[in-house]
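# predicted structure and sequence below. I'll ask about it afterward.
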Amino acid sequence: MSNKQENRNNRKRWLKAIPIDIQSLYEKVDEPLPHSAKRWWWCWGGIVGLLFLLVAGTGLLLAMYYRAEPETAYNSVKYITEQARYGQFIRSVHQWGATLMIVFLFLHILRVFVTGAFREYRWGAWMVGVILLGIVLGMGVTGYSLVYEQISYWAITITSNIIGTVPVIGSILKHLFLAGEEINQSTLSRIYALHVQILPALLIIFSLLHLFFVRLMGMYLPGNHRDRKEEHALTQQKGPYHFFPEHFSSELTVFLYLTLIICLLAIAFPATMGPPHNPLVTPEHIKPEWYFLPFYHLLKIVPGSVGVIILGTSGLIFLFWPVLDHYLLQKIDRIFSGRLEIGLIIGILALGTYLGWALMETKP
């Protein structure tokens, strides 16, 4: 018993020696949450952050072998996949982790959209979240471009052509992306810098800004007046539901299960190598990753600057949706006696449309 007490005292002295106010840090982290946050779908936002740590960790391991040069990129990835110890497994975990990161980011945005959690002037968190979505998609397209196999080369070509059709600044953006007017010796190193340095740094910065807005405005409590009354009574009875350690423990538990699933997927469906890039041969079926399929189909139907303008306009509407939603709800409340959850209807229609577009590409 005395040994336990002595060990406890030693830990306390060790904590006091750390030049950080532990109590102050705990108070800042320990955000009171509504009891509705106990539901597992409230973990999706935190899961995205934890998956990013997994993807970043495996990415650092892959970077030890990767060579961002046209002559060596493909062979370095092939060496990782076929010869390096646990290389294929680590690459597969990186690939599946990135895929699930995008899935849970979509789910998190859908949950916020459907429940109207961007309302009550929580516009800043929503807008920063949309920017984060763009950054993550950018990391996705630059990631599979680095393999520099046949599909990667043509993905770079198509992406640069789309960027070049942006009105006014398209040629400048294309030059920045390719490090020239067309794919050259410096293009791959430019994409590598975007993937491992610039975009991750922007992701961290905007994630912190997103958390700042969430903490500034507080957690949104969905439901009607009766639900809010029940939540208030539950808080009075049991006290608030704390972010740390209660909610964080839930997120960590879900993440550990997901990590197990990712490892199983990496074993069952490992990353493979396609044929090396050949600028003289166009692949018979050029198909982007699933999260770009809607944009891909739109640009097939409406090519050129018009398609890019439609995509850009849609992106701006999505970015400023809280402002439009505020205006629409004011108009709707004048017509209907009850509050119509327009976000629920549009969210379901958008998800159904997205899945429909994705299924169109299941066959080559």
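Alright, I've got the coordinates.
# what's the burial count for M64?
8 (other Cβ atoms under 10 Å). Backbone N, C-alpha and C define where each C-beta goes, glycine included.
# and it, how far from L311?
37 Å (Cβ to Cβ, to the nearest Å).
# and A271, by the same measure?
Relative to L311, and taking Cβ to Cβ, A271 is found at 29 Å.
# ok, now W123?
For W123, the distance to L311 - Cβ to Cβ - is 22 Å.
# contact partners for H326?
When contacts are counted by Cβ atoms under 8 Å, 6 or more residues apart in numbering, H326 touches R119.
# show me the shaky parts of the stretch 151-300 of the chain.
220-244, 284-285 (pLDDT under 70).
# now do the helices in it.
170-178, 187-193, 199-217, 225-238, 248-268, 293-301 (DSSP state H, counting those that start in this stretch).
# all strands for this protein, in order.
Taking DSSP state E to define them, one finds strands in the chain at 32-33, 241-242.
# report the mean confidence score over the first one.
This means strand 32-33. Per-residue pLDDT over strand 32-33 has a mean of 66.
# mind checking how far I310 is from I301?
Applying Cβ to Cβ, the value for I310 to I301 is 10 Å.
# hang on, I meant Q83
In terms of Cβ to Cβ, Q83 sits 44 Å off from I301.
# likewise F104?
For F104 relative to I301 (Cβ to Cβ), the value is 29 Å.
# neighbour count: the two, which is higher?
F104 (22 against 8).
# residues contacting the residue nearest to L199 when sequence neighbours are not counted?
Excluding its sequence neighbours, the residue lying closest to L199 (Cβ to Cβ, 6 or more residues apart in numbering) is M139, at 4.8 Å. Contact analysis of M139 by Cβ under 8 Å, 6+ apart lists A98, H195, L199, P200, L203.
# now, which of the residues you listed sits nearest V130?
L203 (13.4 Å; Cβ to Cβ).
# tell me who's in contact with the nearest residue to M101 once chain neighbours are set aside.
Leaving out its chain neighbours, the residue that sits closest to M101 by Cβ to Cβ, 6+ apart is L51, at 4.1 Å. Neighbour list for L51: G97, L100, M101, F104, F255, L258 [criterion: Cβ under 8 Å, 6+ apart].
# ok so, going back, can I get the helices of the stretch 151-300 of the chain in TSV including distance to L319?
Output for those, formatted as TSV (distance: least, Cβ to Cβ, whole Å):
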stretch	distance to L319
helix 170-178	18
helix 187-193	25
helix 199-217	13
helix 225-238	29
helix 248-268	27
helix 293-301	16
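# quick one: which of these is nearest V112?
V112 sits nearest to helix 199-217 of all those, at 10.5 Å, using Cβ to Cβ.
# coming back round to it: out of the helices of the stretch 151-300 of the chain, deepest packed?
helix 187-193 (a mean of 19; mean count of other Cβ atoms under 10 Å).
# centre of the chain to it, how far?
Distance of helix 187-193 from the chain centroid (Cα atoms, centre = their mean, to the nearest Å) equals 21 Å.
# ok, now stretch 117-125?
19 Å.
# same check on stretch 61-69?
On the basis of Cα atoms, centre = their mean, stretch 61-69 sits 23 Å off its chain's mean C-alpha point.
# what are the contacting residues of it?
Contacts of stretch 61-69 (Cβ under 8 Å, 6+ apart): 73, 75-77, 79-80, 84, 87, 90-91, 94, 146, 185, 188-189, 191-192, 196.
# pull the longest helix from this protein.
helix 87-115 (DSSP state H).
# buried ones in that helix?
87-115 (16 or more other Cβ atoms under 10 Å).
# what do you get for stretch 126-138?
Buried residues in stretch 126-138 (16+ other Cβ under 10 Å): W126, M127, V128, G129, V130, I131, L132, L133, I135, V136, L137, G138.
# wait, the first one sits on V112?
This points to W126. Yes - counting by Cβ atoms under 8 Å, W126 does reach V112; the two are 6.9 Å apart.
# which neighbours do these two have in common?
Shared contacts of W126 and V112, counting by Cβ under 8 Å, 6+ apart, come down to F118.
# how many neighbouring residues does D325 have?
19.
# correction: W42
That count, for W42 with other Cβ under 10 Å as the rule, works out to 20.
# and for T159?
20.
# quick check: closest non-adjacent residue to it.
V141 (6.0 Å).
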